[in-house]
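In: got a predicted structure here, sequence first:
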Amino acid sequence: MSNIMRNKSDQDLQKEIGVWIKSKRLTKKMSQQELASQSSLSRRTITNVETGKGCCLISLIALLRVLDSLEHLYDLTGTQTQNAAPEKSEASPSHHQKNEPTLDRGTIWAWET
C-alpha cells in the first residue's frame, strides 16, 4: 500500500470510493434508481455510498457486480473473478484454476440499515 493511501483516513477513502462508484454509474449512463434496482439495493443506499456515507460489504459487492467492476476485488481476495480474463502461464495449468462462484440474481438479501 502506498504512503498516500496509508495517510488517508477511513472516511476519506470511503468518500473516494463513493466518487468512483458515482463516476462508474454515470459512465454507464445509469440513474441512481436504475443502479439500485439492478443491484437490489435502495436508492438511499446508492446515495449514501456516493456521498461517502458507506455501506456494508455485501452492498459494495452488489454494486461492483452491476457496474461490471468485480475485478477490483481481485487484489483483496486473491481469486479470479468472472469479469477478469484468467492469466495463462506454463507454471499454472488451467486444471488448477478455480471457478468463481456466481450470485443467484433471484437471491433476496436482508440489508443492514
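Out: Structure's in. What do you need? Residues are numbered from 1 along each chain as shown.
In: make it CA atoms for all contacts and neighbour counts henceforth
Out: OK.
In: quick one: contacts of the strand or helix carrying residue 17?
Out: Residue 17 is part of helix 10-27, with elements assigned from DSSP states H and E. The contact list for helix 10-27 (CA atoms under 8 Å, 6 or more residues apart in numbering) reads 5, 31-32, 35, 49-54, 63, 67.
In: widest-spaced pair of those?
Out: The span of the contacts of helix 10-27, defined through CA to CA, is set by 5 and 31 at 29.7 Å.
In: pick out whichever of the two has more residues nearby.
Out: Taking other CA atoms under 10 Å, residue 5 and residue 31 do not tie; residue 31 has more neighbours (14 against 11).
In: need the contact list for the more buried one.
Out: Taking CA under 8 Å, 6+ apart, we find residue 31 in contact with residue 25.
In: mind showing which ranges of this protein have poor pLDDT?
Out: Flagging of the chain using pLDDT under 70 yields the residue ranges 1-5, 75-113.
In: ranges for the helices of it?
Out: Ranges of helices within the chain are 3-6, 10-27, 32-39, 43-50, 57-66, 74-77, based on DSSP state H.
In: and the angle from the fifth one to helix 10-27?
Out: Looking back up the chat, that one is helix 57-66. Orientation of helix 57-66 against helix 10-27 (axes from the mean of the first three to the mean of the last three CA atoms, to 10 degrees) gives an angle of 30 degrees.
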